[in-house]
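Asks: Sharing a sequence plus its predicted fold:
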Amino acid sequence: MTDYKALKLIATSSPHIRGKETTRSIMLDVIIALIPALVFACFNWGLRAFSVTLFSVIACVFFEWLYRKVMKKNQSIGDLSAVVTGILLAFVCPVTIPYWMILIGDFFAIIIVKQLFGGIGCNFVNPALAGRAALLASYAGSMTSWADFGMLSMFGSPDAVTTATPLAMMKGGNVIELTQKYSLSDMFVGLIPGSIGEVSALALTLGGLYLLWRGVINWHTPVCYIATVAILTFLFPQHGAGHAEWMLYQVLSGGLILGAFFMATDYATSPVTKKGQVIFGIGCGLFTVLIRYFGSYNEGVCYSIMVMNLFVALIDRYTRPKRFGADELAKKEAAAK
């Protein structure tokens, strides 16, 4: 018979199953996954892409440190979440964005969206996307000026030729011009105009596969998101384009791959259940296509994810698994009344 008095039993509160992952280790994996896209951005536009990203990271870390210092709260910059926000916000902005402008976006993302709602895990929308939405609403001209392939200077006014993105060309019905100017291989590799970190589907897919391999994210949201956009654009092509061709250009354009792997999977603003993640991904894809097709703005990834962020609590509520015995207990309580 076991002598239980001799055992050293430790009673603690849930959760009783713990993993080795921490917020810092998860954010570090996200940073590693974003490196291929940053390297390609530097190849595409030169060191200005790196300097804008680095400036955004420093600003986000500073704003988080300053807020928590002023409010006399424990510092959280060590969890690297501010670093991830800084990288993602830079990634969804044009490489030609002025430094002072992205500073405003960093302030809005960290102070307004993240810290004022309680810090990491308490924000109701993705901070980087909210920062981009604020910049787009305030400085639409600068946020929709895209540099063509070429090396840009780090400081001063970027010397670049502005051009239309593939999404803008499709929105305007210039499908033939698009296919002649950019092949599908160009689209996949990223030799196209666009935001700093969203142009290379190859680099972003490699990063997304790394996150899946590390178990940082699940496949449900990104796969359902991309698949929904692919199916809808295949079924309903526009401007006389072929079904498959239109679908491939839509999937490889804009921030779809970046949003699917790195933003729609944000822990704080996405569902926790597998069924909820599927619904969330499908909803993001549906809103993305609706905005691209019927909205005045040619890109819908940013707003679609933010809209679906607002439904996360509702999705979790109706997709959470039932507790064992809960139904029987409820019936007994109802019968007793």
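Replies: The structure has been received and is ready for your questions. From a predicted model like this one, the values you see are computed outputs, not experimental measurements.

Asks: Tell me where the stretch 201-337 of the chain has helices.
Replies: 201-214, 220-235, 243-252, 256-258, 274-294, 301-309, 312-319, 326-336 (DSSP state H, counting those that start in this stretch).

Asks: contacting residues around the spatially most central residue of the chain?
Replies: Centroid-nearest residue in the chain, with Cα atoms, centre = their mean: residue 263, separated by 1.9 Å. Residues counted as contacts of residue 263 (Cβ atoms under 8 Å, 6 or more residues apart in numbering) are 88, 126, 128, 129, 301, 305. The way it works is simple: take the backbone N, C-alpha and C, and place the C-beta from them, glycine included.

Asks: which SS class is the closest residue to residue 210 other than its chain neighbours?
Replies: Excluding the flanking residues, the one nearest residue 210 by Cβ to Cβ, 6 or more residues apart in numbering is residue 33, at 4.7 Å. Recorded secondary structure, residue 33: helix (DSSP: H, G, I helix; E, B strand; the rest coil).

Asks: Quick one: residues contacting residue 33.
Replies: Counting by Cβ under 8 Å, 6+ apart, residue 33 touches 207, 208, 210, 211, 216, 261, 262.

Asks: List the contacts of the closest residue to residue 59 other than its chain neighbours.
Replies: Closest residue in space to residue 59, ignoring its immediate chain neighbours: residue 106 at 4.0 Å, by Cβ to Cβ, 6+ apart. Taking Cβ under 8 Å, 6+ apart as the criterion, residue 106 is in contact with 56, 59, 60, 63, 85, 86, 89, 131.

Asks: wait, the fourth one sits on residue 111?
Replies: Read that as residue 63. Yes - with contacts counted by Cβ atoms under 8 Å, residue 63 reaches residue 111, the gap being 5.6 Å.

Asks: And those two? Which one has more around it.
Replies: More crowded of residue 63 and residue 111, by other Cβ atoms under 10 Å: residue 63, with 24 against 16.

Asks: count of neighbours near residue 39?
Replies: Number of residues near residue 39 (other Cβ under 10 Å) recorded here: 14.
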